[in-house]
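> Test case, fold it:
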Amino acid sequence: MLGATGNTGSAVVDALRRFPDLSVRTATRQPAPPTAHDHRRFDWADRATWGEALDGVDRMYLVAPVGDAEPMAVVAPFLEQAGAAGVRRVVALSSSAVAFGEPGLGQVASAVREVFEEWEVLRPSWFMQNFTGAHPVAESIRATGGFVTATGTGRLPFIDGRDIGRVAAHLLAAREPQCAEHVLTGPEALTYDDAAAIMSEVTGRSVRHRSVEPERFTDFLVASGYDPDFAAVLAALDALVRDGTQSEVTDAVERLTRTPPRSFAAYLRALVAV
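Next up is the predicted model:
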C-alpha cells in the first residue's frame, strides 16, 4: 500500500478493514505512521527501501510520485522490480483527465497494464478535498473567502477521496481481476459556482468563485507564487473542464462497491460536524 497516509491511500487502508482475510502492509516515507498494520519505510528517491516494501506482497495500490512531471523515471524500474518480486495485481491511481499513454500518469497506467497480468486503473474526477485540503482552491478560500478558476460554466462530478479508496479496496480484494480502467465520479456534475454556493450554505461562510480566461488564470497563479510550469498544467486542466469534456457522471463507485458515492454537500456536512 503506497501513499498510505494520503487522501486515497488512507481511505484504502480504512476500507480494507472490511476484508479481514487480507494482510495489509503500508509503505510511506514515515518510519512508523499511526497504523495497526505491518509498515515499511518507502521512498521513491531511495531504491534501497523498495525491496523490503515489496517482500511478500502480491497485490499493490500504486500512487505515483506526487508533483513529478516525469514519474516514469522512477516508476518504470520500480514496477519491474515489483513484478520480479512476485506482485501480480496492481491497482493504480490515475485521473479522468489522462488517457493511457499520455504523459505522466497516462504512461504509468500503460506500464502497469503491460507489466502485470492483473491490473486496474482508477481514473477519478476532481477531488472534493481540493476545497478543504492542501490545494490552491482550498488555500485561496481560507485566505480570501474566494477562489479563481478558468473553468467558466464547465461542470465536474467532484468525488470524495474516501469513495476512491473504497473502490480500490474492493478491486484489491476481489477474487478475480477486471483488468479495466474505471472512471470514478461523484453523484452529480457541478459548476464551480454551484460548488461555492453549496459550500456557503453548508458552512455558513460566504465563498465566492470568479472565472477568468485560461491565459489570465496562468498569470494569476504565477503572481500568487506558483511555479510557471505547474501553473500552466493547472490552467490546461481548467480548460478541459471549460470545454465540457470532464462532466460525465458514471455509476462505477456504486457498481463496484454497492454503495453510492457521497455528494459534495454530504462531504462538507461531515467535515462541519467534526
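
> which outside residues touch stretch 111-124?
62, 72, 75-76, 79-80, 82-83, 87-96, 98, 100, 109, 159, 164, 167-168, 171, 177-185 (Cβ atoms under 8 Å, 6 or more residues apart in numbering). Heads up, the C-betas are built off the backbone N, CA and C, glycines and all.

> Just those: which are in strands?
62, 89-93, 180-184 (DSSP state E).

> Just the buried subset of these, written out for ChimeraX, thanks.
With 16 or more other Cβ atoms under 10 Å as the criterion, this ChimeraX line picks the buried residues out of the ones in strands among the contacts of stretch 111-124:
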select :62,89,90,91,92,93,181,182,183,184
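
> farthest pair in the ones in strands among the contacts of stretch 111-124?
Taking Cβ to Cβ as the measure, the ones in strands among the contacts of stretch 111-124 span a maximum distance of 19.9 Å, between 89 and 183.

> pretty sure residue 13 is touching residue 22, no?
No: the criterion here is Cβ atoms under 8 Å, and residue 13 misses it with residue 22 at 11.1 Å.

> Who has more neighbours out of those two?
A direct count of neighbours by other Cβ atoms under 10 Å for residue 13 and residue 22 places residue 13 higher, at 21 against 12.

> before we move on, what SS does the more buried one have?
helix (DSSP: H, G, I helix; E, B strand; the rest coil).

> ranges for the helices of the stretch 101-250 of the chain?
105-115, 136-144, 161-173, 192-203, 214-223, 228-242 (DSSP state H, counting those that start in this stretch).

> most packed of those?
Each of those was scored by mean neighbour count; the highest is helix 161-173, a mean of 24, by mean count of other Cβ atoms under 10 Å.

> Report the angle between it and strand 180-184.
With axes from the mean of the first three to the mean of the last three Cα atoms, to 10 degrees applied, the angle from helix 161-173 to strand 180-184 works out at 160 degrees.

> what about helix 161-173, distance to the chain center?
11 Å (Cα atoms, centre = their mean, to the nearest Å).

> Residue 61 touches residue 9, doesn't it?
Yes: using Cβ under 8 Å, residue 61 is in contact with residue 9, at 6.7 Å.

> So these two - more neighbours on which side?
residue 61 (28 against 23).

> quick one: the residue of the chain most remote from its centre from residue 272, how far?
Most distant from the centre of the chain: residue 204, at 27.8 Å, with distances by Cα atoms, centre = their mean. In this view, residue 204 and residue 272 are 8 Å apart by Cβ to Cβ, to the nearest Å.

> can you check residue 124 too?
On the measure of Cβ to Cβ, residue 124 and residue 272 end up 23 Å apart.

> is it fair to say residue 57 lies in a strand?
No: using three-state DSSP, the assignment for residue 57 is coil, not a strand.

> And it, what's its pLDDT?
Here, the pLDDT recorded for residue 57 equals 96.

> got the contact list for the nearest residue to it once chain neighbours are set aside?
Once flanking residues are discounted, residue 57 sits nearest to residue 87: 5.5 Å by Cβ to Cβ, 6 or more residues apart in numbering. Going by Cβ under 8 Å, 6+ apart, residue 87 touches 54, 57-60, 116.

> Over to residue 155?
189-191, 194, 241, 244, 246-247.
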